[in-house]
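Undergrad: Fold the following, please.
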Amino acid sequence: MGERRGGPAMHSVSVAAAVVRDDRVLVVRRRDNGHWEPPGGVLEPDEAILDGLRREVHEETGLDVEAETLTGVYKNLPRGIVALVFRCRSVPGRLRLNDEVTDFRWATRGEVTELLDEAYAVRLLDALAYDGKPAVRTHDGVQVLTAATP
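TA: The predicted model follows:
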């Protein structure tokens with residue numbers, strides 16, 4: 001394990017879903033900060049990646065999803081968060097508001113760019129444009145710092 005500033009390097013891993021329907025993607029408005037983001041969250045230490053993805057999406061939206069493919073890996077450099085983004089399809093169900101989410105929207109590419117901070121919008125845009133190679137990018141929590149690499 002690497003060392004950083006006198007201690008072990010610590011990272012957390014999060015998962016997010018690009019739930020696609022008719023060339024639109026699902027975004028949620030977070031209750032804690034009012035920001036629009038793809039549904040997802042931090043994996044529990046003992047949780048399998050796809051189990052965590054399904055759990056997080058269900059908690060935030062009420063929908064059950066099936067992951068189709070990994071479309072990108074993103075690292076928030078200042079916070080040490082690595083996010084895995086999966087293009088998903090939803091099993092028929094109803095969206096429901098909850099303690100974490102105040103609104104939902106099936107957003108077009110243009111709406112994704114307008115509503116979301118660049119660091120989150122790029123995750124969904126990469127998923128919509130997925131060409132068989134997951135994007136690998138870094139960001140500072142708001143802006144993308146690197147172009148996609150295969």
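
Undergrad: Point out where the protein drops to low pLDDT.
TA: For the chain, the stretches flagged by pLDDT under 70 are 1-9.

Undergrad: What strands line up against the longest strand seen in it, and which way round?
TA: Assignment by DSSP state E gives strand 64-76 as the longest strand of the chain. Using DSSP bridges, strand 64-76 pairs in its sheet with strand 81-91 (antiparallel), strand 135-139 (parallel).

Undergrad: and the longest one, C-alpha only, in CSV?
TA: To tie it back to what came earlier, the one meant is strand 81-91. Only the C-alpha atoms of strand 81-91 are listed here, as CSV (Å, rounded to 0.1, in the frame of the first residue of the first chain):
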residue,chain,number,x,y,z
ILE,A,81,-12.7,9.1,-4.6
VAL,A,82,-12.7,6.6,-7.5
ALA,A,83,-16.1,6.4,-9.2
LEU,A,84,-17.1,3.5,-11.5
VAL,A,85,-19.9,4.4,-13.9
PHE,A,86,-22.0,1.7,-15.5
ARG,A,87,-24.5,2.1,-18.3
CYS,A,88,-27.7,0.4,-17.0
ARG,A,89,-31.2,-0.4,-18.1
SER,A,90,-34.0,-0.3,-15.6
VAL,A,91,-36.5,-2.9,-14.9
